[in-house]
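A.B. asks: have a look at this prediction, sequence included:
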Amino acid sequence: MDEALRLVLFRGEGIRDDKPVAIEPWMLQRSNVGKRYWPASIKAIPENLAYRRFLSRVVEAPKTWVDEGRGVVFVGPPGTGKTTAASILCKIAVAHCGSAFMASTPEIGDIVIGGVSTYGDYDGKFRLKHSDVAVFDDLGVENCASIIEPIIRQRYNAGLPIVVTTMMQQAQLEKKYGKAFINLITGSCDVIKMEDYNWREEGF
């Protein structure tokens, strides 16, 4: 199928700001959101945290956020809610008739090189490039920078938001990917440091 036609069929009527629809499990499965994160909700996040405020702004006008093309980088140690926040962004897009695709960076090599295509005609590589929301989870832990960079650059050039989670500081990412590429990400994204609250240290 011609790529332009695929894009029209894939995006449909596109994301919108009006009343959200009910999310069905298959929608999140198709978006590659891990089942652990399906129940994720803004309401569970303490109101004083910066990423709660960011997510609340997006949910009020998701189309506006996507149209602006400004993404977000969630950076912090394990357990601070980075992947949960990214999953919620996917849920917001899907609930508002948009498209989303989430991939941990180690699996992107399998999606692109391995030809993994469990999503029918709209395979993972295509969805990473063209979804309203695309999440690159755990940037920096993978060994396929040469695959990730052109996909992110394509989204940047198309004016589509980039959502990144990472445990690495900017200097570490620059050493791995080069300063120019990381500046492209940070220049087109809000950077939210998530160090104030660790969900895994809550205990019993």
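C.D. replies: Alright, I've got the coordinates.

A.B. asks: residues contacting Ile45?
C.D. replies: 51-52, 55, 81, 85 (CB atoms under 8 Å, 6 or more residues apart in numbering). C-beta coordinates here come from the backbone N, C-alpha and C atoms, glycine included.

A.B. asks: how about the strands of this structure, start to end?
C.D. replies: Counting by DSSP state E, one finds strands in the chain at the ranges 71-75, 100-104, 133-137, 162-166, 189-193.

A.B. asks: could you identify the most distant pair in the contacts of Ile45?
C.D. replies: Of all pairs drawn from the contacts of Ile45, the widest gap by CB to CB lies between Leu55 and Gly81 and measures 10.2 Å.

A.B. asks: so for stretch 34-46, mean pLDDT?
C.D. replies: In this model, stretch 34-46 carries a mean pLDDT of 92.

A.B. asks: let me have the strands of the chain in CSV, extended by mean pLDDT.
C.D. replies: Formatted as CSV, the strands of the chain follow (pLDDT from 0 to 100):
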stretch, mean pLDDT
strand 71-75, 96
strand 100-104, 91
strand 133-137, 94
strand 162-166, 95
strand 189-193, 95
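
A.B. asks: out of those strands, nearest to Ser31?
C.D. replies: strand 100-104 (4.4 Å).

A.B. asks: for the most centrally placed residue in the chain, which non-adjacent residue is spatially closest?
C.D. replies: Per CA atoms, centre = their mean, the C-alpha nearest to the average position across the chain is that of Val135, at 2.1 Å. Excluding its sequence neighbours, the residue lying closest to Val135 (CB to CB, 6 or more residues apart in numbering) is Met102, at 4.0 Å.

A.B. asks: quick one: that neighbour and Ser131 touch, right?
C.D. replies: No - Met102 is beyond contact range of Ser131, at 9.1 Å (criterion: CB atoms under 8 Å).

A.B. asks: now for these two: what residues contact both?
C.D. replies: Ser31.

A.B. asks: just to revisit the earlier point, neighbour count for Leu55 and Gly81, which is higher?
C.D. replies: Legend: neighbour count by other CB atoms under 10 Å for Leu55 and Gly81, higher for Gly81 (25 against 22).

A.B. asks: mind listing what the more buried one touches?
C.D. replies: 45, 49, 51, 74, 194, 197, 199 are the contacts of Gly81 under CB under 8 Å, 6+ apart.
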